[in-house]
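S.K.: When you get a sec, could you give me coordinates for this:
(chains A and B)
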Amino acid sequence: GAGVSQSPSNKVTEKGKDVELRCDPISGHTALYWYRQSLGQGLEFLIYFQGNSAPDKSGLPSDRFSAERTGGSVSTLTIQRTQQEDSAVYLCASSSKQGGQPQHFGDGTRLSIL
Amino acid sequence: GNSVTQMEGPVTLSEEAFLTINCTYTATGYPSLFWYVQYPGEGLQLLLKATKADDKGSNKGFEATYRKETTSFHLEKGSVQVSDSAVYFCALSKLIFGTGTRLQVFP
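M.R.: Predicted structure coming up:
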């Protein structure tokens, strides 16, 4: 597609369940980023992929969070045993430049934990 | 630690007015600075950047100058249009983003 695509756009789930969020970057973009945005907060960096490798996992808030990327394209962010504080908008971005700044963001997945 | 602070919105202007959205930063070293824009119904996109002190980033009539002495990177535009209505985010590297400032321009 023309832009970064994320799915689902909205996800409501019960506390303790696992969720999987998907990101499809712009075709040919080698760098992929995950952020989350809580109400009234700035974007919080989670993880960055260059190709299929994640040189920077420093932002993952806990070991309940994991991410993978296969084929240098689609990425999934998995949150296990969700907690209410995980409620946020999860944003994915991609870039054609190695090690650089994200260029284009998706519309995000709004995650609500009941 | 590193951080950015940007002015709270919304900023409401009439068309052709001058725009300033303030952004200040705290950082060790000399990071690159960025402005992103999110138009209604769209994802954030990179608007402009500056990689060292006194650099001026510009795009679509917007400008921002990297000022080390005041640790600022204010976004400016001489004459705004209704189509500039959006949320603007200041960022310090890929790790640190501001909370965003909503700009509303009325005809």
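S.K.: quick one: is stretch B:72-90 near chain A?
M.R.: Yes - applying CB under 8 Å from any CB of the partner chain, one finds stretch B:72-90 touching chain A at B:Phe89. (C-beta placed from N, C-alpha, C; glycine too.)
S.K.: and that stretch, which residues are buried?
M.R.: Buried residues in stretch B:72-90, counted by 16 or more other CB atoms under 10 Å in any protein chain shown: B:72-75, B:77, B:80, B:84-90.
S.K.: now do stretch A:93-104
M.R.: By neighbour count on 16+ other CB under 10 Å, the buried set for stretch A:93-104 is A:Ala93, A:Ser94, A:Ser95, A:Gln101, A:Pro102, A:Gln103, A:His104.
S.K.: From chain B, how far off is the residue most central in space within chain A?
M.R.: The centroid of chain A falls nearest to A:Trp34 when counting by CA atoms, centre = their mean (3.4 Å). Applying CB to the nearest CB, to the nearest Å, the value for A:Trp34 to chain B is 11 Å.
S.K.: Now name the helix or strand holding that residue.
M.R.: In this structure, A:Trp34 is located in strand A:31-37 according to DSSP states H and E.
S.K.: Strand partners (parallel or antiparallel) of that strand?
M.R.: Strand A:31-37 has these partner strands in its sheet, going by DSSP bridges: strand A:43-50 (antiparallel), strand A:88-95 (antiparallel).
S.K.: and the next helix or strand after the last one, what other elements does it pack with?
M.R.: The one in question is strand A:88-95. As assigned by DSSP H and E, the chain's next helix or strand after strand A:88-95 is strand A:104-105. Using 3 or more CB pairs under 8 Å, 6 or more residues apart in numbering or on different chains; DSSP states H and E as the contact test, the elements touching strand A:104-105 are strand A:88-95, strand B:45-50.
S.K.: Could you tell me the average pLDDT over strand A:104-105, please?
M.R.: Strand A:104-105 shows a mean pLDDT of 91.
S.K.: List the contacts of it.
M.R.: Under the criterion CB atoms under 8 Å, 6 or more residues apart in numbering or on different chains, residues A:3-4, A:26, A:29, A:91-95, B:36, B:38, B:43-46 lie in contact with strand A:104-105.
S.K.: Next secondary structure element downstream of it?
M.R.: As assigned by DSSP H and E, the chain's next helix or strand after strand A:104-105 is strand A:109-113.
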